[in-house]
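Trainee: here's my sequence, what's the structure:
(one chain, ligands or ions: 1)
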Amino acid sequence: MADLVVALDFKDADSALAMARTLRGAAPWMKVGLELFTAEGPKMVTELKDMGFKVFLDLKFFDIPNTVQGAVRSAARLGADMVNIHALGGERMAKAAMEGCAEGTAPGQPSPLVLAVTMLTSMSAGDLPVANAPEPSEMALDLAVKAKQYGLNGVVCSGLEVERIKGACGTGFACLTPGIRPASAEVGDQRRVVTPADAVRSGSDFLVVGRPVTRAKRPDEAARAIIEEMNLAQ
Ligand code: C5P
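Mentor: Numbering: from 1, shown residues only. This is a model prediction of the structure:
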């Protein structure tokens with residue numbers, strides 16, 4: 001059963017928490033990303049947890065192993081339920097992240113899931129600024145296989161890649177897919193997009209949706225419609 005994660009990409013706590021209040025009961029997970037975290041900091045995670053949400057802290061850590069270990073340790077201490085790093089950081093960084101996760105998790109508490117970002121869903125062929133770059137989907141698959149070998153819990157990928165990643169890494173390896181667009185929604189800056197139904201059919205575990213919910217006239221109704229589409233597709 002896949003879960004909906006709503007991306008709270010807002011400039012301040014007031015607007016983010018107002019949106020979270022609207023979505024209480026409609027969506028189980030909230031995502032705190034770069035904009036909101038940079039503006040308001042760790043209290044966003046604790047306030048959303050206090051409201052009963054599960055929280056995905058989407059800061060896409062990418063640094064030397066020691067720094068990433070400390071960052072994931074802090075995120076686990078804060079109570080985030082899911083965090084992410086970049087798969088491109090390689091084996092030592094990934095393993096350090098898992099160590100930080102274990103160090104920061106309180107005894108008796110579940111550890112947050114640590115996912116690796118493969119290729120951003122906003123990138124298509126030609127966007128990767130390196131010579132002879134592989135196709136984004138091929139690169140996502142390769143990075144996912146490595147992330148699994150390094151002991152991470154899953155990956156962030158496009159819905160277009162989930163089936164092959166699950167085939168290569170097993171169904172227990174989590175796939176979280178942003179770039180979700182209901183058939184009627186605007187694509188915006190995203191590129192490798194799929195509908196909620198297609199993401200679920202391909203085996204995605206978490207669907208991250210931002211603007212199609214948060215910019216809807218009735219965000220709660222938009223979230224419920226997406227969940228209904230997801231349920232029909234299971
Ligand atoms: O508004 P939209 O539905 O495009 O929001 C998608 C969210 O998922 C954004 O918060 C973005 O930062 C995040 N994300 C993504 N692609 C990734 C990882 C995260 O779009 N690979």
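
Trainee: right, and Arg77 touches Ala102 too?
Mentor: No: assessed by Cβ atoms under 8 Å, Arg77 is found out of contact with Ala102, at 11.7 Å. C-beta: built from backbone N, CA, C; applies to glycine.

Trainee: tell me the confidence at the nearest residue to Gln149 once chain neighbours are set aside?
Mentor: Excluding the flanking residues, the one nearest Gln149 by Cβ to Cβ, 6 or more residues apart in numbering is Glu91, at 7.8 Å. At Glu91, the model reports a pLDDT of 98.

Trainee: up against the ligand, what does this structure have?
Mentor: 7, 9, 33, 58, 117, 120-121, 156, 178-179, 188, 190, 208-212 (Cβ under 6 Å from any ligand atom).

Trainee: show the buried residues in the residues you listed.
Mentor: Taking 16 or more other Cβ atoms under 10 Å as the criterion, what is buried in those is 7, 9, 33, 58, 117, 120-121, 156, 178-179, 190, 208-212.

Trainee: farthest pair in those residues?
Mentor: Val117 and Pro212 (20.7 Å; Cβ to Cβ).

Trainee: on that earlier part again, so of the residues of the chain next to the ligand, which ones are in helices?
Mentor: Judged by DSSP state H, helices contain the following of these: 211-212.

Trainee: now whichever residue of the chain sits closest to the ligand: closest residue in space, sequence neighbours ignored.
Mentor: Relative to the ligand, the nearest point of the chain is Gly210 (2.5 Å; Cβ to the nearest ligand atom). In this structure, Gly210 finds its nearest non-sequential neighbour in Ala7, 3.4 Å apart by Cβ to Cβ, 6+ apart.
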